[in-house]
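K.L.:
Just to be clear, the model below is a prediction. Sequence and coordinates:
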Amino acid sequence: MFGKKAPLFITSILITLLTSLWLTSCQESPSTEQIPEIDNSAPAEVEPQADEPAETAVPPTLPPPPTLAISPTPTLSPTPFVIQNPSLPCGQALPLVLPDKVTNYDWELPPISKELVPENALPAIEYLYANPNDVSVVVFQVDYEGIGYYHNADAPMPLASVNKIVHLVAWAQGVEAGEFDPNTIVSRDELNRWYLRGSDLGAHRDALEEFEGRDLTQDDVAWMMIRHSSNAAADYFHDLLGQERVERTAAELGFTNHTAPCTWMGKFLTVSTLSNPEIQQLAEDPAAYGAMISDRQDRFLQDPVFRQMGEASWRRGAQPSFSKEAEFTEIFDTKGSALDYSLLMAKLIQDEVGTPATSRLIRSHLEWPIVEFPSNQTRYNTVGYKNGTLPGVLTTLYYAEPYWSDRPIVVALFYRNLPQNTYRRWRREFPHDALAHWLMTNPRGIHIMHVLRDAAEN
């Protein structure tokens, strides 16, 4: 299938990877960036490294694009390793990539009075008007959707960890059907099989520490997936549910413009072994990408040599650069629309996802901010939340019952293509989160957003 150049290609890939891993193992590791203690924040899915020049040239031993062949099954072991019971490729019922949606906006940044909008939320609003195609905003009160504020509401946007809600819904539906028991014991060894050390800013480690000294249950793992945003927990559920079921759940929820959720492990192992030109070429062959994700995941779980090399590629100082991860995220991260996810949150706050018992099980994990942060208890009767963080991408999703309103309010803010400095600053200061809270607590928030847009269009 790869033609006469396949042996040369595979051999060169092997040599390149082995040499790269040997060199990076000798480098000094930089200190790990710390996440501040902030209300409603969660660790990022992956620690971005200092930016490096993008790879612009294909190694001379390989034919240049577009004829470059990318093997979905790299030979990293001294002898071929046969995968037992291979997983289904990612992308069974949903697409893996979607064309971007671009709108021509003739906007100017409107004058924004600090008396109307809090200063800590201003950067999030200013970025909206400076980069309108890179932001999706949905905010409405339940039963008053027609007078909500919508911007790029149905555009497919990178979701980061927001898409873990799909796994939570699918598992909760299985619990209601009697397929799963939340009290089922999950061994730490089983859960840790899905842990790619160095790829999640210690989220999985922090999650395990919360339950130190006692057995883990499936319900605990669901909490780890949502509260701590543990990728290992999400991949555990992905395997438990199966690729087809995860994708079917997204479809049955009525999501449009949604791509197939794939395992975090598979995605991270893929980006760490591809050059920038290969990432661009792989975008033209989504089926190969889907197969590559599943193959790398299976090899990490079954082949000790591949696992060792995969872990080495995520050691400090060896991770992909910010620019490479941002490019990969923009192309391949699971995408969905702010409108779809906000409508799902509206159904959840009304206990309308499945049976009321199913909705309440889902909500018991999303509503951790009302329990952990007393400041939220002064503003809301309840609040549910999931965020997402990947290089260049910050997503925030809320439902809430603010004290000022007799109807729930839903907010979805999806940002992408954030420059590295902006992304790092926002992870410390959370202006997008400040904007979400202002919209939920200010009775005039939606109206002010409309006024600002009208001013920008004039």
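P.N.:
Here it is on my side, so go on.

K.L.:
residues contacting the nearest residue to Ile83 once chain neighbours are set aside?
P.N.:
Excluding the flanking residues, the one nearest Ile83 by Cβ to Cβ, 6 or more residues apart in numbering is Asp298, at 4.7 Å. (Glycine included, C-beta is placed from N, CA and C.) If you count contacts by Cβ atoms under 8 Å, 6 or more residues apart in numbering, Asp298 has them with Ile83, Pro86, Ser87.

K.L.:
Would you mind writing the CA trace of the host helix or strand of Asp298 as CSV?
P.N.:
According to DSSP states H and E, Asp298 maps onto helix 286-302. Only the C-alpha atoms of helix 286-302 are listed here, as CSV (Å, rounded to 0.1, in the frame of the first residue of the first chain):
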residue,chain,number,x,y,z
PRO,A,286,-8.7,11.6,8.0
ALA,A,287,-9.1,7.8,7.8
ALA,A,288,-5.3,7.4,8.2
TYR,A,289,-5.5,9.7,11.2
GLY,A,290,-8.3,7.7,12.8
ALA,A,291,-6.4,4.5,12.4
MET,A,292,-3.2,6.1,13.7
ILE,A,293,-4.9,7.3,16.9
SER,A,294,-6.2,3.8,17.7
ASP,A,295,-3.0,2.1,16.8
ARG,A,296,-0.8,4.2,19.0
GLN,A,297,-3.2,3.8,21.9
ASP,A,298,-3.2,0.0,21.5
ARG,A,299,0.5,-0.2,21.2
PHE,A,300,1.0,2.0,24.3
LEU,A,301,-1.3,-0.4,26.3
GLN,A,302,0.2,-3.6,25.0
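
K.L.:
begin at 57 from here
P.N.:
Sure, I'll start counting at 57 from here, so that last one is helix 342-358.

K.L.:
what about that helix, distance to the chain center?
P.N.:
With Cα atoms, centre = their mean, to the nearest Å as the basis, helix 342-358 stands 18 Å off its chain's centre.

K.L.:
ditto for stretch 422-432
P.N.:
22 Å.

K.L.:
Repeat that for stretch 350-362.
P.N.:
22 Å.

K.L.:
and it, what's its mean pLDDT?
P.N.:
Stretch 350-362 carries an average pLDDT of 93.

K.L.:
got it, and stretch 405-415?
P.N.:
Rounded mean pLDDT across stretch 405-415 is 97.

K.L.:
so what's Glu423 up against?
P.N.:
Contacts of Glu423 by Cβ under 8 Å, 6+ apart are Thr438, Val439, Gly440, Tyr441.

K.L.:
could you redo the last one with a cut-off of 10 Å?
P.N.:
By Cβ atoms under 10 Å, 6 or more residues apart in numbering, the residues touching Glu423 are Ile282, Leu404, Ile405, Arg416, Asn432, Tyr436, Thr438, Val439, Gly440, Tyr441, Tyr455, Ala456.

K.L.:
The fourth one contacts Leu404, correct?
P.N.:
Yes: applying Cβ atoms under 10 Å, one finds Arg416 in contact with Leu404, separated by 9.3 Å.

K.L.:
Comparing the two, which shows the higher neighbour count?
P.N.:
More neighbours surround Leu404 than the other of Arg416 and Leu404, with 24 against 15 (other Cβ atoms under 10 Å).

K.L.:
Tell me the helices and strands packed up against the helix or strand harbouring that one.
P.N.:
Leu404 belongs to helix 394-405 when assigned by DSSP H and E. Counting contacts by 3 or more Cβ pairs under 10 Å, 6 or more residues apart in numbering; DSSP states H and E, helix 394-405 packs against strand 191-197, strand 205-207, helix 220-232, helix 412-422, strand 436-446, strand 449-458, strand 465-471.

K.L.:
could you check the angle helix 220-232 makes with it?
P.N.:
40 degrees (axes from the mean of the first three to the mean of the last three Cα atoms, to 10 degrees).
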